[in-house]
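In: Any chance you could fold what I've pasted below:
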Amino acid sequence: MGLKIFFGKKTAKTPDPLKDIILSNLQVGWFVDFDMKTWQVEACHHYDWGGGDITPEWQLRSHDETIYLEKESDDEDEWSISRKIPIARLGSGITKHIIEHEAPPDQIVFEGTAFHLTETGGGHFYKNGKGPGEEMLKWDYADASENQYLSVEQWGEEIFEASTGIPAEEYQFTNILPGESSK
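Out: Numbers count the residues shown, from 1 in each chain. As a prediction, this is how the structure comes out:
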């Protein structure tokens, strides 16, 4: 009997339920700890910049705020956390400059810190990863230390959004747990 088990038909390995519970696989309804708070994934969006360049973005909500976790994949994965701010906090001159010059300013001063334009791009935003995608333009800025970010997005002719952000490391996110809404 022992030989039959040893030489008999091999059974498929059972998938490890914990294998796919990693930061880059977050799904709606999952939980993750970051910055001494527990966050729930409310949405999984992505940006398509063309040429196979896709940037996933997770909308995370704690009891008192919403943040956005973004993953850029170049030579290695780079993570960042951002928070939306009213575009008016950047001053009325920013949107006026973009509309009049059809280009962003090279520098934005926000709360006493100078941010310099580091990257520009146009692409499509897929809310919840679905749909035909909304066309948008995005301008990324960084301070001199590159430890603070500022982004301006343009949707259509005159709709603008802004966000501030900081770099993050994957190890800062712990206790990833699937939630009720995960499939």
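
In: Doesn't residue 123 belong to a strand?
Out: Yes - Residue 123: assigned to a strand according to DSSP: H, G, I helix; E, B strand; the rest coil.

In: Give me the neighbour count for the closest residue to it other than its chain neighbours.
Out: For residue 123, ignoring the flanking residues on the chain, the nearest one in space by C-beta to C-beta, 6 or more residues apart in numbering is residue 49 at 4.1 Å. No exception for glycine: its C-beta is placed from N, CA and C like everyone else's. For residue 49, the neighbour count with other C-beta atoms under 10 Å is 13.

In: OK, contacts around residue 49?
Out: 55, 121-123 (C-beta atoms under 8 Å, 6 or more residues apart in numbering).

In: export the residues you listed to a markdown table and tack on distance to residue 179, pLDDT and neighbour count?
Out: Below are these laid out as a markdown table (distance: C-beta to C-beta, whole Å; pLDDT from 0 to 100; neighbours: other C-beta atoms under 10 Å):
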| residue | distance to residue 179 | pLDDT | neighbour count |
| --- | --- | --- | --- |
| 55 | 24 | 96 | 17 |
| 121 | 32 | 94 | 14 |
| 122 | 34 | 96 | 11 |
| 123 | 29 | 97 | 20 |
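
In: Tell me which two of those sit farthest apart.
Out: The largest separation in these, counting by C-beta to C-beta, is between 55 and 122 at 12.9 Å.

In: And residue 102, what's its pLDDT?
Out: As summarised for this prediction, residue 102 has a pLDDT of 91.

In: which parts of stretch 139-153 are buried?
Out: 139-142, 148-153 (16 or more other C-beta atoms under 10 Å).

In: before we move on, what about stretch 165-173?
Out: Residues of stretch 165-173 classed as buried under the neighbour-count rule (16+ other C-beta under 10 Å) are 165, 168, 173.

In: Return the residues in contact with residue 149.
Out: 80, 82, 115, 140-142, 164-167 are the contacts of residue 149 under C-beta under 8 Å, 6+ apart.

In: Which of those fall in strands?
Out: Residues of those located in strands (DSSP state E): 80, 82, 115, 140-142, 164-167.

In: can you redo those residues as JSON lines with distance to residue 102 and pLDDT?
Out: Converted to JSON lines, these look like this (distance: C-beta to C-beta, whole Å; pLDDT from 0 to 100):
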{"residue": "80", "distance to residue 102": "27", "pLDDT": "98"}
{"residue": "82", "distance to residue 102": "25", "pLDDT": "98"}
{"residue": "115", "distance to residue 102": "20", "pLDDT": "98"}
{"residue": "140", "distance to residue 102": "18", "pLDDT": "98"}
{"residue": "141", "distance to residue 102": "18", "pLDDT": "98"}
{"residue": "142", "distance to residue 102": "23", "pLDDT": "98"}
{"residue": "164", "distance to residue 102": "24", "pLDDT": "98"}
{"residue": "165", "distance to residue 102": "25", "pLDDT": "98"}
{"residue": "166", "distance to residue 102": "30", "pLDDT": "98"}
{"residue": "167", "distance to residue 102": "30", "pLDDT": "98"}
